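[1] Pasting a predicted model and its sequence here:
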Amino acid sequence: MPFDVREFPAPDDALRAARNRRQVSLWLFVLAGMILVMVVLGGATRLTGSGLSIMEWAPVAGVLPPLTHADWVKLFDLYKRIPQYAMVNHGFGLAGFQHIFWLEWVHRLWGRLLGVALLLPLIWFWARGAIDRRLGLRLAGLFVLGGLQGAVGWFMVASGIRPDSTAVAPARLVAHLALALALYAAVLWTALSVRWPAPRPIPGGRPVLRLARLACGLVAVTIVAGGFAAGLHAGLEYNTFPLMDGHLVPEGYARLHPFLANLTHNIAAVQFDHRLMATLTVLTVLVLVAAGLRAKLPRAARIAVLAAGIAVLLQFSLGVATLLMVVPVPLGVAHQFGATLLLTAVLVAWHTLRGAVPVSYAVPLPPHVPEEA
């Protein structure tokens with residue numbers, strides 16, 4: 001059968017497509033890294049009680065910080081009107097206010113920079129034809145979702161400046177955290193798929209792939225449970241491990257009625273659930289590692305699975321240390337960072353186990369066609 005050259009892209013087109021994949025995936029990996037930094041900043045903001053220091057949502061005007069002493073005094077006077085100042089930070093002075101203000105301001109500024117870092121390159125790549133319509137629409141949707149995240153952040157802050165509150169509502173905190181991590185996961189998955197677009201089934205890898213999916217689900221549920229624990233400041237109580245006040249299941253686990261209220265409003269139940277989900281996650285990821293090693297996976301898949309195992313052990317250790325030491329700020333921030341790293345590890349393992357392989361950037365050559373006699 002004569003060879004049809006139309007089945008293969010022209011060398012220039014293949015090189016251009018490979019270059020576009022490289023550039024777009026690099027941009028998306030950088031964007032994912034920026035979201036990871038945003039999550040860490042959010043954790044530091046929460047742990048230091050800085051989130052209520054800016055009591056207005058000004059997406060444009062809020063880019064500039066206070067520039068004069070009078071501006072600082074005005075903002076500080078506003079802060080003095082909310083219960084958090086009177087009940088938590090009373091008397092810490094203008095310098096103390098500036099300390100918490102700057103952390104929240106940087107957190108919000110980083111969110112604005114994220115929007116710019118997504119939108120402008122998206123327009124540029126799309127105009128150059130470096131991304132197709134489907135990918136462009138997906139990324140445009142993520143930009144809209146990022147804007148919604150800003151609104152959810154303000155919705156969360158607003159719950160903490162009511163007359164009867166000194167902190168944000170736990171449910172709104174969880175919504176803010178979950179949406180941030182959903183954005184992170186979506187950008188990271190898209191970056192991986194652009195960089196390695198052609199999954200090929202790995203022989204014997206399907207059971208391991210199912211375990212990776214299960215591990216991702218458990219990590220997500222554990223993070224949500226951790227969000228409720230953070231929102232209720234549950235880490236400040238039951239600071240022993242593995243028992244809670246001498247019991248495996250704490251007394252008063254089901255003290256609220258209806259029962260479902262315990263899952264989000266009862267400190268004993270919320271902390272126990274977080275411990276339980278973390279333990280199940282560790283066991284599942286370790287089973288994933290064992291199954292991956294037994295399945296004789298390709299080198300890239302083995303490395304991804306082992307990285308997930310290391311990440312889950314590190315995160316579990318950080319969680320226990322944070323609890324035993326009654327949530328010091330550095331350990332609390334490290335624990336939230338570790339949760340994002342663990343999510344990264346299981347997502348990369350899942351993607352790798354799909355069979356995606358590095359794409360060669362060489363120009364594809366047609367098969368050898370013997371000359372006719």
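    Thanks, I have it.
[2] got any ranges where the stretch 1-150 of the chain has weak pLDDT?
    Within the stretch 1-150 of the chain, the ranges that satisfy pLDDT under 70 run 1-12.
[3] Now with 90, please.
    The stretch 1-150 of the chain contains residues with pLDDT under 90 at 1-20, 48-64, 78-92, 150.
[4] need the helices for it, in chain order.
    Using DSSP state H, counting those that start in this stretch, the helices of the stretch 1-150 of the chain run over 11-47, 69-79, 83-87, 93-128, 133-158.
[5] Mind giving me the packing neighbours of the longest one?
    Packing partners of helix 11-47 (3 or more CB pairs under 8 Å, 6 or more residues apart in numbering; DSSP states H and E): helix 93-128, helix 170-195, helix 329-353. C-beta coordinates here come from the backbone N, C-alpha and C atoms, glycine included.
[6] mind checking which of the helices of the stretch 1-150 of the chain is nearest F272?
    For the helices of the stretch 1-150 of the chain, the distance to F272 is smallest for helix 11-47, at 21.4 Å, taking CB to CB.
[7] can you give me the angle that closest one makes with helix 329-353?
    150 degrees (axes from the mean of the first three to the mean of the last three CA atoms, to 10 degrees).
[8] Buried residues, helix 11-47. List them.
    Under the neighbour-count criterion of 16 or more other CB atoms under 10 Å, helix 11-47 has 14, 18, 20-21, 23-25, 27-29, 31-32, 34-36, 38-47 buried.
[9] So what pairs up with M244 in the strands?
    Applying DSSP bridges to M244 gives these bridge partners: H247.
[10] Pick the most deeply packed of the helices and strands packed on helix 11-47.
    Scoring those by mean neighbour count under mean count of other CB atoms under 10 Å gives helix 329-353 as the most buried, with a mean of 22.
[11] what's the angle between it and helix 170-195?
    Inter-element angle recorded for helix 329-353 and helix 170-195: 40 degrees (by the same axes, to 10 degrees).
[12] Packing partners of helix 329-353?
    Helices and strands touching helix 329-353, by 3+ CB pairs under 8 Å, 6+ apart, are helix 11-47, helix 170-195, helix 206-231, helix 267-294, helix 299-324.
[13] Compare the ones you listed and give me the one nearest G136.
    In terms of CB to CB, the element of the helices and strands packed on helix 329-353 nearest to G136 is helix 11-47, at 10.4 Å.
[14] what angle sits between the closest one and helix 93-128?
    Interaxial angle of helix 11-47 relative to helix 93-128 (the same axes, to 10 degrees): 160 degrees.
[15] before we move on, back to that, now the helices of the stretch 1-150 of the chain in CSV, with distance to N262?
    Shown next, in CSV, are those (distance: least, CB to CB, whole Å):
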stretch, distance to N262
helix 11-47, 23
helix 69-79, 34
helix 83-87, 26
helix 93-128, 31
helix 133-158, 22
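[16] nearest to G205, of these?
    G205 lies closest to helix 11-47 among the helices of the stretch 1-150 of the chain, at 23.2 Å (CB to CB).
[17] from the chain's centre, how far out does the closest one sit?
    In terms of CA atoms, centre = their mean, to the nearest Å, the centre of helix 11-47 is set 13 Å apart from its chain centre.
[18] That one vs helix 133-158, what angle?
    Going by the same axes, to 10 degrees, helix 11-47 makes 10 degrees with helix 133-158.
[19] Please name the residues that touch F125.
    Applying CB atoms under 8 Å, 6 or more residues apart in numbering to F125 gives the contacts 20, 23-24, 27, 131, 136.
[20] and what of A95?
    No contacts exist for A95 under CB under 8 Å, 6+ apart.
[21] same check, this time on the one 5 residues further on
    Contacts here follow CB under 8 Å, 6+ apart; on that basis I100 touches 48-50, 53, 89.
[22] Compare the residues you listed and tell me which has the most neighbours.
    When the contacts of I100 are compared by neighbour count (other CB atoms under 10 Å), S53 ends up highest, at 27 neighbours.
[23] Just to check, it is in contact with H107?
    No. Contact status for S53 versus H107: not in contact, 10.2 Å apart, counting by CB atoms under 8 Å.
[24] returning to that earlier point: name the nearest of the contacts of I100 relative to P203.
    T48 (50.7 Å).
[25] Kindly reformat the helices and strands packed on helix 11-47 as JSON lines containing distance to G231.
    Below are the helices and strands packed on helix 11-47 laid out as JSON lines (distance: least, CB to CB, whole Å):
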{"stretch": "helix 93-128", "distance to G231": "17"}
{"stretch": "helix 170-195", "distance to G231": "3"}
{"stretch": "helix 329-353", "distance to G231": "13"}
